[in-house]
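> I would like to see how this sequence folds:
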Amino acid sequence: MKGYDTHGNDEIFSFVVVRNYFSKHALRGPLIADVPHKSLFLNIVIPAFNEEELHTCLLSLQQACRPDCAVEIIVVINFPDNCETAIKEKSRASFLELNQWTMRNSTDGFRFYILLEELPQKDAGVGLARKIGMDEAARRFDLLTRNEGVIVCLDADCVVSSNYLTEIENHFRQNLRTPAASLRFEHPYENLAHKHRESIVMYELFLRYYINALRFADFPFAFQTIGSSMAVRNAVYQKQGGMNKRKAGEDFYFLQKLFPLRNFSEINTCCVYPSARNSDRVPFGTGKAIGDMLNGKEFLFYDFEIFIQLKIFFDCIKNHGFKKTASDIMNSAPPELLEFLLLNNFESKFEEIKQNVRSEETFISRFFYWFNGFLVLKAVHFLSEKYYPRKSFNREMVAGFMNVSATASVSSILDAIRVKDFGNSNF
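Residues are numbered from 1 along each chain as shown. Here you go, the predicted model:
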């Protein structure tokens, strides 16, 4: 486990539920009639659309080591109301089949619940399905007044390490002030065909390159944003307004609300293994990237010069921002990045922040609440599109700043970066 104090908001965060969350934000009433087990502490939420690997995912959870607490797994089988009849029929058949399976495999302290949701075409997608499941998980905890209960997000095409449940429970029990966490993930690639293997290795390398480059730049919220590898306490989920309904990128936008909270952390002692499959369900993400590469499109990396510029800027903010004016900061910024700052009203936002803080710590907190992961990604795209075009994979560049050997194979470089990020795997 690796924890970070990310200079969150000034108030001392308490895990107190927002009492009107469900009247303001929930889209469904209660969906599960059973009374939750009195020791319920983990609720795993899995959205599933036209899914072939859901049963494998559930078996993985069933076979994992059991924690001391009770566990619920809420599966939201979903489809849009305008989808093909065959998908609707397959979803309903899967719902009936899995309900029979759960009746045979649920126990008093380890329960599976399968929900079936036909979603309006306008909003149908992983964000809405995940929200329905997470809202229900929050309701379950509220029945026990369990503000500190943990809602864990997983995807239906994933399997998990045998210690997945025990490590998540241990992490949140031992780190009482952590509001949320991201979990270790690794795409399995060993048994894939050569081109498919190269594609998923390249994509995961890109994900790890980007986060490590942000850490090089001293960005305080340099965490992965993977929907199948995140967990949040019940009270925090409600206080931050719950999950959004985005059809893609729902995980990224949801986590941007959690990163600024103090003590956001990482759980690196267990692992989620997402599928490396090709998919066209969403316009970006793993499936889209793999499909593009399998179809011959080269996957390009951001130029490292972008992160050097961000580091100069962030260092100036942290070391001098509280004492300097917006003009002073802009004069110190690299000219390419300055153009982006001007386009995004940096001067007025900076002065507004300065006028409402009394300490350097609070200034830094408020600044990065504004200049968050979304704005950083926007800056990276701006610099990439206008000044520093994306580049082909350069093993010397990637391996060099992450301090791993550049002479090894690409998959060996990925393995070395995983060890650097997480430590050796022993599960």
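
> what helices or strands is the helix with the most length in the chain leaning on?
For the chain, the longest helix by residue count, based on DSSP state H, is helix 194-216. Judged by 3 or more Cβ pairs under 8 Å, 6 or more residues apart in numbering; DSSP states H and E, helix 194-216 is in contact with helix 286-294, helix 305-320, helix 395-401, helix 410-422. C-beta coordinates here come from the backbone N, C-alpha and C atoms, glycine included.

> report the buried residues of the third one.
Okay, so that is helix 395-401. Arg395, Val398, Ala399 (16 or more other Cβ atoms under 10 Å).

> which residues does the last one contact?
Meaning Ala399. Ser405, Ala406, Ile413, Ala416 (Cβ atoms under 8 Å, 6 or more residues apart in numbering).

> so the first one touches Ile417, yeah?
No - using Cβ atoms under 8 Å, Ser405 is not in contact with Ile417; the gap is 10.7 Å.

> the more surrounded of those two?
Comparing Ser405 with Ile417 by other Cβ atoms under 10 Å, the one with more neighbours is Ile417, at 20 against 10.

> may I see the buried residues of stretch 173-183?
Thr178, Pro179, Ala180, Ala181, Ser182, Leu183.

> cool, and stretch 387-394?
Those would be Tyr387, Tyr388, Phe393, for stretch 387-394 by 16+ other Cβ under 10 Å.

> per-domain residue ranges of this structure.
2-193+223-277, 305-386 (automatic domain parsing).

> I'd like these as JSON lines, with mean pLDDT and distance to Lys297 appended.
Shown next, in JSON lines, are the domains of the chain (pLDDT from 0 to 100; distance: least, Cβ to Cβ, whole Å):
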{"stretch": "domain 2-193+223-277", "mean pLDDT": "92", "distance to Lys297": "17"}
{"stretch": "domain 305-386", "mean pLDDT": "95", "distance to Lys297": "17"}
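
> identify the residues contacting Ser388.
Slight slip there: residue 388 is Tyr, not Ser. Counted by Cβ under 8 Å, 6+ apart, Tyr388 has contacts Tyr302, Asp303, Glu305, Ile306, Glu336.

> for burial, what's the neighbour tally of the residue lying closest to Leu310 once chain neighbours are set aside?
Among residues not flanking Leu310 along the chain, Ala217 sits closest, at 4.1 Å (Cβ to Cβ, 6 or more residues apart in numbering). With neighbours defined by other Cβ under 10 Å, the count for Ala217 comes to 20.

> between all of the contacts of Ala399, which two are separated the most?
Ala406 and Ala416 (10.2 Å; Cβ to Cβ).

> the more surrounded of these two?
Under the criterion of other Cβ under 10 Å, the comparison of Ala406 against Ala416 puts Ala416 first, with 16 against 13.

> hang on, that one packs against Ala408?
Yes - using Cβ under 8 Å, Ala416 is in contact with Ala408, at 7.0 Å.

> using TSV, lay out the helices and strands packed on helix 194-216 together with distance to Asn372.
As requested, these are arranged in TSV below (distance: least, Cβ to Cβ, whole Å):
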stretch	distance to Asn372
helix 286-294	23
helix 305-320	13
helix 395-401	23
helix 410-422	22
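
> out of those helices, nearest to Ala86?
helix 286-294 (20.3 Å).

> how far out from the middle of the chain is the closest one?
19 Å (Cα atoms, centre = their mean, to the nearest Å).
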